[in-house]
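> Return a 3D structure for these sequence lines:
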Amino acid sequence: MKKVTIFTLICLIAASGIGLAKESRGVGRLKMPHGKWWRMPEVAKKLALTSEEQQKFEDLFVQSRRRMIDFKSNVEKERLELEMILDQQDLNESACMDRFKKFEDARTNLANERFRFLVEVRKLLGLERYRKLKTEFRDHRVHRMKGRQERKGPVKETMVHERFPSKNK
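Sure thing, here's the model as predicted:
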C-alpha cells in the first residue's frame, strides 16, 4: 500500500510541475500576454493608452511581480518539504498528505495572483480594449508560430494515439 501511495504522490508532483510550466505562458487558458506589453509602441497606439494608464499598468505590474516572487518561492519551499517527506525511510502518510495540501495551496495562491493581475488589466482597459488586446496577442502569436514553421519546414502532425499507443491494441 505504501508503494502505491508513494507512486501516486510522485505522479501528482510531476503533474503539478507540468501544470506550472503551462501556466507560466499565460493566465491558465486565457492566453494573455506576459511582460510589459503596454510599453510596446504599436500596442499602446492600437489600444490608445494614455501615459497615465501606462503608469498604472507599470505600478500594477511591479506590485503583482513582488507578490508572485513570494508565491513562487513558497511553491518551491513546499515542493522541497514534500520531497523530503517522500524521501524518508518510514513514510508518514498523514504528514505527506498534509504537506501535499500545503503545496497545492501555495500553487493556488500563485495562480490567484496571476488571475488578479488579469482582472486589474481588464478593469483598467474596459471591455473593448481588453478584447482588442486579446485579439492582437492572438494574431501576434499566430504570426510568430507561422514564422517558426517556415524556418523549420513542414511540421508532421502526429495524433496522440500514434505517439502513445494503448496497451489494449
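
> Which parts of this structure are helices?
Ranges of helices in the chain, per DSSP state H, are 2-23, 41-46, 51-86, 93-152, 160-163.

> Out of the ones you listed, which is closest to residue 35?
Closest to residue 35 of those, according to C-beta to C-beta: helix 51-86, at 8.7 Å. C-beta: built from backbone N, CA, C; applies to glycine.

> gap between that closest one and the chain center?
Taking C-alpha atoms, centre = their mean, to the nearest Å, one finds the center of helix 51-86 at 12 Å from the center of the full chain.

> Other residues contacting stretch 54-73?
36, 38-39, 44, 49, 106, 109-110, 113-114, 116-117, 120-121, 124 (C-beta atoms under 8 Å, 6 or more residues apart in numbering).

> Save the helices of the chain as a markdown table, and put in mean neighbour count, distance to residue 32 and mean pLDDT too.
Shown next, in a markdown table, are these (neighbours: other C-beta atoms under 10 Å; distance: least, C-beta to C-beta, whole Å; pLDDT from 0 to 100):
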| stretch | mean neighbour count | distance to residue 32 | mean pLDDT |
| --- | --- | --- | --- |
| helix 2-23 | 12 | 12 | 51 |
| helix 41-46 | 12 | 12 | 93 |
| helix 51-86 | 15 | 13 | 97 |
| helix 93-152 | 14 | 6 | 90 |
| helix 160-163 | 8 | 27 | 49 |
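
> ok, now which ones touch residue 53?
38, 124.

> biggest separation within the contacts of stretch 54-73, which pair?
Farthest-apart pair in those is 44 and 106; separation 34.9 Å (C-beta to C-beta).

> quick one on the thing from earlier: list just the nearest of the contacts of stretch 54-73 to residue 148.
Of all those, residue 148 sits closest to residue 36, with 23.1 Å by C-beta to C-beta.

> per-residue pLDDT, that closest one?
Looking at residue 36, its pLDDT is 92.

> Count residues in the vicinity of it, would you?
12 (other C-beta atoms under 10 Å).

> Contacts only, for it.
Residue 36 neighbours (C-beta under 8 Å, 6+ apart): 57, 58, 61.

> If we use 7 Å, what do you get?
Applying C-beta atoms under 7 Å, 6 or more residues apart in numbering, we find residue 36 in contact with residue 61.
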